[in-house]
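[1] Got a predicted model here, sequence first, then my questions.
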Amino acid sequence: MFYPELEKKLQASKLAVNRATRETIIEQCKAYLGILAEYRSRLYELEVPGIGKQSVSTLTEDALERKAIREAIETTTHERNRTQVLLLSFTTVSGYEAVEVLNERKYQGHEDWEVKAIGVGFGGGDNTDLMTMREAVDLASLLRRDDYLAQNASDTR
């Protein structure tokens, strides 16, 4: 462990993401990304003694320490990238992606949702059945969060 207190915060934040609800998952992901960034930055700042006239055992210890730091950076980078993609999947939904989500879920019993000039609706529906683009995008984001949480719950069982 390089930074025990920061690593505890990191674990607690990851646990908070895993236990989040559909209402809190976005904020938990953002908080986790902040702690990951701080930890990664601190790992880069670690000073590994330079190689000079040192004994073979010291050189071996330095190489092992550098390897451990590199692995920690790679793990943190992977986790950051995974969490960023997850967060983006919740927060950057286009109208067309919203329609795709609604169709996959057969939302309200329809699998023929489409983007229309004045909103999102299903085939054969009249204008009273339309959602605004913002409503459709928000709903798709919520459905994606529900899907993720359901998948995450089944993965942790």
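    It's in.
[2] quick one: the helices in the protein?
    Ranges of helices within the chain are 4-18, 25-45, 56-91, 95-105, 133-155, based on DSSP state H.
[3] in the last one, what counts as buried?
    Across helix 133-155, burial judged by 16 or more other CB atoms under 10 Å covers 133, 136-137, 139-141, 143-145, 148-149. For glycine as for every other residue, the C-beta is placed from the backbone atoms N, C-alpha and C.
[4] Please apply the same query to the first one.
    By neighbour count, with 16+ other CB under 10 Å as the criterion, the buried positions of helix 4-18 are 9-10, 13-14, 16-17.
[5] got the angle for the lowest-mean-pLDDT helix or strand in the chain vs helix 25-45?
    Least confident helix or strand, the chain: helix 56-91 with a mean of 89, by mean pLDDT, DSSP states H and E. Calculated by axes from the mean of the first three to the mean of the last three CA atoms, to 10 degrees, helix 56-91 forms an angle of 160 degrees with helix 25-45.
[6] helices or strands next to helix 56-91 in the packing?
    helix 25-45, helix 133-155 (3 or more CB pairs under 8 Å, 6 or more residues apart in numbering; DSSP states H and E).
[7] just checking, what packs against the last one?
    Looking back up the chat, that one is helix 133-155. When contacts are defined as 3+ CB pairs under 8 Å, 6+ apart, helix 133-155 sits against helix 25-45, helix 56-91, helix 95-105, strand 119-122.
[8] Flag every buried residue along the third one.
    Going back to what we said before, that points to helix 95-105. Those would be 95, 97-99, 101-102, 105, for helix 95-105 by 16+ other CB under 10 Å.
[9] Please parse the protein into its domains.
    The record's domain split for the chain, according to automatic domain parsing, is 4-91, 95-155.
[10] Where among these is average confidence lowest?
    Note on these: lowest mean pLDDT is at domain 4-91, with a mean of 88.
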